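Asks: model this:
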Amino acid sequence: MLDHLTVVKHPLVQHKLTLMREKDTSTASFRQLLREISQLLAFEITRELPMTTKRIETPLCEMDAPVLDGPKLALVSILRAGNGLLDGVLELIPSARVGFVGLYRDEETLEPVQYYFKVPDGLENRLVIAVDPMLATGNSSAAAVDLLKDAGARDIRFLCLLAAPEGIARMKEAHPDVPIVTASVDDYLNDSGYIVPGLGDAGDRMFGTK
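Replies: Residues are numbered from 1 along each chain as shown. A predicted model of the protein is given here:
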């Protein structure tokens, strides 16, 4: 069982994260780094997937070899920035089913507003990994998990690039059963709800919409 909070301190993860934080990193480089780092984080969040064996034939002999067991997992992107993590994880697990939760943050109240929700069926039998680069206030993340639970999901994990202490506390309060895997726990949120030191707005930097 994953801990409630796992910080992935692998040297490659931390190096790539530093490159992403730099304000002069180009949109193309930021997008590529996010894809790469998402795959490294995915190794951690999928560490305990159920396994079984199947009989195969190698060039030398037959053997019982390990393979994934159970229904295909579901990857759910919290739009729009979640798509940057989604793309990388999906390269690693191409058979995964994919869903999307559309939430935007009201700039005055900082509360999430839903505008889209489309997820695979059978969530109650799947491992569901929700992806969003930033866990800031935690309000949007908690709301997304609420929606996934309402749709039947029972085994949910949350994958993010950066987390603020405030967001971690909010998620733990709302969903103590949902483990969080991240590359860094940063210092705090500023008055605008941005993670500090952070890396700015992940969606803007990914899509070039500054």
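
Asks: Tell me which other helices or strands the helix or strand of the chain at the bottom of the mean pLDDT ranking touches.
Replies: Here the helix or strand of the chain ranked lowest by mean pLDDT, DSSP states H and E is helix 202-207, holding a mean of 84. Applying 3 or more CB pairs under 8 Å, 6 or more residues apart in numbering; DSSP states H and E, one finds that helix 202-207 contacts helix 27-45, helix 82-92. (C-beta placed from N, C-alpha, C; glycine too.)

Asks: In JSON lines: these, plus mean pLDDT and distance to Lys149.
Replies: Below are the helices and strands packed on helix 202-207 laid out as JSON lines (pLDDT from 0 to 100; distance: least, CB to CB, whole Å):
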{"stretch": "helix 27-45", "mean pLDDT": "93", "distance to Lys149": "18"}
{"stretch": "helix 82-92", "mean pLDDT": "90", "distance to Lys149": "18"}
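
Asks: any idea which of those is most buried?
Replies: helix 82-92 (a mean of 21; mean count of other CB atoms under 10 Å).

Asks: next SSE after it?
Replies: Using DSSP states H and E, the helix or strand that follows helix 82-92 in sequence is strand 97-105.

Asks: Pairing partners for that next one, with directions?
Replies: Strand 97-105 pairs in its sheet with strand 74-79 (parallel), strand 112-118 (antiparallel), by DSSP bridges.

Asks: Next, format those strands as TSV and append mean neighbour count.
Replies: Shown next, in TSV, are the strands paired with strand 97-105 (neighbours: other CB atoms under 10 Å):
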stretch	mean neighbour count
strand 74-79	25
strand 112-118	14
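
Asks: Distance to Leu86 and mean pLDDT for those strands - can I get that in CSV?
Replies: CSV is the format used below for the strands paired with strand 97-105 (distance: least, CB to CB, whole Å; pLDDT from 0 to 100):
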stretch, distance to Leu86, mean pLDDT
strand 74-79, 4, 94
strand 112-118, 13, 89
